[in-house]
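Engineer: Take this sequence and fold it.
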Amino acid sequence: MTNSMQPPIKLHNQQGSAQSSLISRLAKRSIFRNTRRTLLTVLLISCSLVAILFTDAFVRGMVTTMVKISTQTFLGEGQIHQVGFRAANDIDLYIKDTDALYQQLNNIEEIQAYAPRILTGAMTSSSENVASAMVYGVDALKEAQVSKLKLAMTQGDYLSNVDGEILLGEQLADLLEVNLGDRLVVTVSEAHGGELSQALFRVSGLFSFNERTMDIGMAFINLSQGQKLLNIKGVHEVALRLQHLTQAEDKQLPFWQALNNEQLETLSWQELVPQLSSMLAMTQYSTLIVSLIMYILVCLGLINTMFMSIFERHTEFGILLAIGTRAKQLFYQIMLEGFFIGLLSVTVGLILAWGVCYWGSIVGIDYSELEMSGLTLNEPIYLVIDAATFFYMAIATIVVTLIACLYPAFHAARLQPSFAMRKTL
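Structural biologist: Purely as a prediction, here's the structure:
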């Protein structure tokens, strides 16, 4: 009984395969009946895909650049303070047992480098002018491993652990009307009492971070002299440079818990500058918004193209239906036409997108005059190409193309042969 059933089943499978092959050939042939219209549709879809992938790469690059500028310029990926210092900015709240802390930091493999600092508001006065500034006392060698202070030097020499040295931002130096070698007096309030303390400095170097608030409001002296000036033996802050930036995002890592206790508060850069973190989180939606807009345009353009193609072939479809072609086969043919257009568009779009994004990843886009959330983009934005996004967006484009073809395909499948053969443009 089984052997007698095999020939009909095999014949039926061969017929189905032949019909599928015929529908596929008709679909491929039909998409280039009007070459100009098909090419314009392919251009629309591929350009939309390029725009989506470029936006994604640009946003990834912008986020990477802004985080890099924020953390590597001066902030660090994390900072350690005495509990309560950041809330009150009280110079009396400083880390006292620094030796034990430094030993602990040296034993944490996730920490690449650290830089102790003291900081206080001060009055800087020259023979020509007076200006307020935030004065930082830093360890010259360790600071160079964490921030870009040494790289930001534009004139003069970097700190050399000699008392009397001070580094000024170029704009602060202009305000004070001083230059290299000129003298100025720094006046601060001492810790534990608030008595005024003064020291004479000679300008040993000028720096520029290309950030106005830093260049006009910061000055740097040696850590040891800063401690003497404030009459303290500890530090207010320890900036951390981690082995990998992603370690700042994972608060479950053991070293975060180890460095947070009743005396010490250790924060990542997201917690130190929450406004920047919130803004970067919002930029993640930009790719979604662009994708929605572009895919709506793709749907409208493809629906228009497919309907124009269907209207031009009403008579052909009417004849096919009249000689026995099933509505389901006509539906599949229109869907295959859309699939082939989508496949061609995705191929062209991926090639163009990769070329544009690769160029952007090498050359970069300069936004040196743009300031966002108080942060100046003083470095070019280099596009970041994500292979997974290319794959998922290619699949999504083909899916959207097929969805856009559903309405025209249903319309073609519901045609009445007598009406279709009478319909002409």
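Engineer: Please make it C-alpha for all contacts and neighbour counts, starting now.
Structural biologist: OK.
Engineer: could you pull out the strands for the stretch 251-400 of the chain?
Structural biologist: For the stretch 251-400 of the chain, applying DSSP state E, counting those that start in this stretch gives strands covering 264-268, 371-372, 375-376.
Engineer: what is the mean pLDDT for the second one?
Structural biologist: Here the mean pLDDT over strand 371-372 is 56, rounded to a whole number.
Engineer: likewise the last one?
Structural biologist: Per-residue pLDDT values over strand 375-376 give a mean of 57.
Engineer: same check, this time on the first one
Structural biologist: Predicted confidence along strand 264-268 averages 90 (mean pLDDT).
Engineer: Partner strands of it, with direction?
Structural biologist: Strand 264-268 has the following sheet partners, assigned by DSSP bridges: strand 78-82 (antiparallel).
Engineer: in the helix or strand just after the strand it pairs with, what's buried?
Structural biologist: Using DSSP states H and E, the helix or strand that follows strand 78-82 in sequence is helix 85-88. Within helix 85-88, the residues that count as buried by 16 or more other Cα atoms under 10 Å are residue 85.
Engineer: same question, stretch 187-202
Structural biologist: Buried-residue list, stretch 187-202, by 16+ other Cα under 10 Å: 187-191, 197-198, 201-202.
Engineer: what's the answer for stretch 276-296, then?
Structural biologist: So stretch 276-296, judged by 16+ other Cα under 10 Å, has buried residues 276-277, 280, 287, 290-291, 294-295.
Engineer: Over to stretch 111-122?
Structural biologist: For stretch 111-122, by 16+ other Cα under 10 Å, it's 111, 113-122.
Engineer: Pick the one among the buried residues of stretch 276-296 closest to residue 333.
Structural biologist: Among the buried residues of stretch 276-296, residue 295 lies closest to residue 333 (Cα to Cα), at 22.7 Å.
Engineer: list the contacts for that closest one?
Structural biologist: The neighbours of residue 295, taking Cα atoms under 8 Å, 6 or more residues apart in numbering as the test, are 48, 397, 400.
Engineer: I'd like the average pLDDT over the helix or strand harbouring the first one.
Structural biologist: Right, the one you point to is residue 48. Using DSSP H and E, residue 48 maps to helix 35-70. The pLDDT scores in helix 35-70 average 87.
Engineer: wouldn't residue 276 be in contact with residue 283 here?
Structural biologist: No: using Cα atoms under 8 Å, residue 276 makes no contact with residue 283, being 10.7 Å away.
Engineer: any idea how far residue 234 is from residue 100?
Structural biologist: The gap separating residue 100 from residue 234 is 12 Å, by Cα to Cα, to the nearest Å.
Engineer: what's in contact with the strand ranked longest in the chain?
Structural biologist: Using DSSP state E, we find that the single longest strand of the chain is strand 111-125. By Cα under 8 Å, 6+ apart, the residues outside strand 111-125 that reach it are 91, 105, 130-139, 142-143, 145-146, 176, 184-189, 223, 226-227, 235-243.
Engineer: Just the buried residues of those residues.
Structural biologist: Using 16+ other Cα under 10 Å as the burial test, those include 91, 105, 130-139, 143, 145-146, 176, 184-189, 223, 226-227, 235-242 as buried.
Engineer: Next step: those restricted to helices.
Structural biologist: Counting by DSSP state H, the part of the buried ones among the contacts of strand 111-125 found in helices is 105, 143, 145-146, 176, 223, 226-227.
Engineer: Please identify which pair of those lies farthest apart.
Structural biologist: The widest separation within these (Cα to Cα) is 38.6 Å, between 105 and 176.
Engineer: rewinding a little: output the buried residues of stretch 111-122 as a markdown table; include the columns distance to residue 30.
Structural biologist: Shown next, in a markdown table, are the buried residues of stretch 111-122 (distance: Cα to Cα, whole Å):
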| residue | distance to residue 30 |
| --- | --- |
| 111 | 63 |
| 113 | 65 |
| 114 | 67 |
| 115 | 69 |
| 116 | 72 |
| 117 | 72 |
| 118 | 75 |
| 119 | 74 |
| 120 | 76 |
| 121 | 76 |
| 122 | 78 |
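Engineer: Just name the closest of those residues to residue 353, please.
Structural biologist: Of all the buried residues of stretch 111-122, residue 111 has the smallest distance to residue 353: 37.7 Å, by Cα to Cα.
Engineer: Return the set of residues that bridge with the closest one.
Structural biologist: As assigned using DSSP bridges, the partners bridged with residue 111 are residue 242.
Engineer: Over to the one 10 residues further on?
Structural biologist: Each beta-bridge partner of residue 121 is listed here, defined by DSSP bridges: residue 134.
Engineer: In terms of pLDDT, where does it sit?
Structural biologist: 92.
Engineer: which one is residue 94 nearest to, not counting chain neighbours?
Structural biologist: residue 236 (4.5 Å; Cα to Cα, 6 or more residues apart in numbering).
Engineer: Let me know the secondary structure of residue 174.
Structural biologist: helix (DSSP: H, G, I helix; E, B strand; the rest coil).
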